[in-house]
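Q: A structural model of the following input is requested.
(one chain, ligands or ions: 1)
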Amino acid sequence: MPDRSGRLLLKISGEVLMGGEPFGIDVPTMNRIAAEVGETTRTGVKLALVIGGGNLLRGVTAAAQGMHRVTGDYMGMLATVMNALAFDSALKANGVDSRVQSAIPMPSICESYSRDSALRHMAKGRVVIFAAGTGSPFFTTDTAAALRAAEIGCDGLLKGTSVDGVYSADPKEQPAARRYDRLTYGDILTQDLKIMDLTAITLARNSGIPVIVFSIRTPGALLGVVKNQGRFTVIGA
Ligand code: UDP
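A: Residues are numbered from 1 along each chain as shown. Predicted structure coming up:
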């Protein structure tokens, strides 16, 4: 079982921030998650965050509508910056000291990504939100999360999604789908279990970072994962 008491990277998909809405940010949902992040950091865990942008824009969707894929991806990365700024504000409102660092420099809005300064912030108990993904098109924020987790030496990558773990098939479409408590990186790669893109899983595997998939829609689940309680899937060696 991985040590979840040290430095952890929490990836939140943009979709989760929509709450029950079809688009954008549902403020009560965001505030609830921000309060839970605060509660978790008060246990002594050092948290860094990556937030997706799928609630606002995805490059592949924009490309399907005729936009150049690269332009769409840059817009997707800007969407993650908007989510990061909103979440940063929600964290501060909950008494959590936090900083946003963007992979694409935008100095009048937030800090630029720097490993050293991110580590210094975390040592001071601040939550760092890594925005703008990897800064490059054709990647996802899952990959950005695995990359930053490797760079800052995280003990685990917590993937907060809408489901309480990895299933053999989409449980919404196939109610008989099997839920796994534990899988290997190889299982995800060979069985094409669609929980994370393969670049992200490969990066996590190469860095030996366990990935824990859980439902951040379930109140209290984040703290549960850190205390090794509740329902989640651990992906490891
Ligand atoms: N994106 C990108 N490079 C990255 C990370 C993200 O181009 O390193 C773009 C891509 O268009 C993606 C969008 O930003 O669709 C939003 O990120 P993602 O789809 O990962 O968000 P999530 O599904 O987690 O909400």
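
Q: before we move on, which element is Thr40 in?
A: Using DSSP states H and E, the element containing Thr40 is helix 27-41.

Q: separation between the residue nearest to Lys194 when sequence neighbours are not counted and the ligand?
A: Sequence neighbours aside, Asp170 is the residue nearest to Lys194 in space, at 7.9 Å (criterion: Cβ to Cβ, 6 or more residues apart in numbering). The C-beta positions use only the backbone N, C-alpha and C, and glycine is treated the same way. Distance, Asp170 to the ligand, by Cβ to the nearest ligand atom, to the nearest Å: 15 Å.

Q: cool, and Lys11?
A: 7 Å.

Q: equivalent analysis for Ser89, please.
A: Going from Ser89 to the ligand by Cβ to the nearest ligand atom gives 19 Å.

Q: what does this protein have sitting close to the ligand?
A: Contacts of the chain with the ligand, taken as Cβ under 6 Å from any ligand atom, map to 13-15, 52-54, 58-59, 72-73, 76-77, 79-80, 133-134, 136-137, 139-144.

Q: got the confidence number for Gly6?
A: Note on Gly6: pLDDT of 89.

Q: find the nearest non-adjacent residue to it, please.
A: Asp155 (4.5 Å).

Q: same deal with Ala131?
A: The nearest residue in space to Ala131 (Cβ to Cβ, 6+ apart) is Ala84, at 3.7 Å.

Q: for Ser215, what are its contacts?
A: By Cβ atoms under 8 Å, 6 or more residues apart in numbering, the residues touching Ser215 are Gly160, Thr161, Ser162, Val163, Asp164, Gly165, Ala221, Arg231.

Q: centre of the chain to whichever helix in the chain runs longest, how far?
A: In the chain, with assignment by DSSP state H, the single longest helix is helix 69-93. Distance of helix 69-93 from the chain centroid (Cα atoms, centre = their mean, to the nearest Å) equals 12 Å.

Q: what's the next helix or strand after that helix packed up against?
A: Toward the C-terminus, helix 69-93 is succeeded by strand 98-102 as the next helix or strand (DSSP H and E). Here strand 98-102 touches helix 69-93, strand 111-112, helix 115-123, strand 127-131, going by 3 or more Cβ pairs under 8 Å, 6 or more residues apart in numbering; DSSP states H and E.
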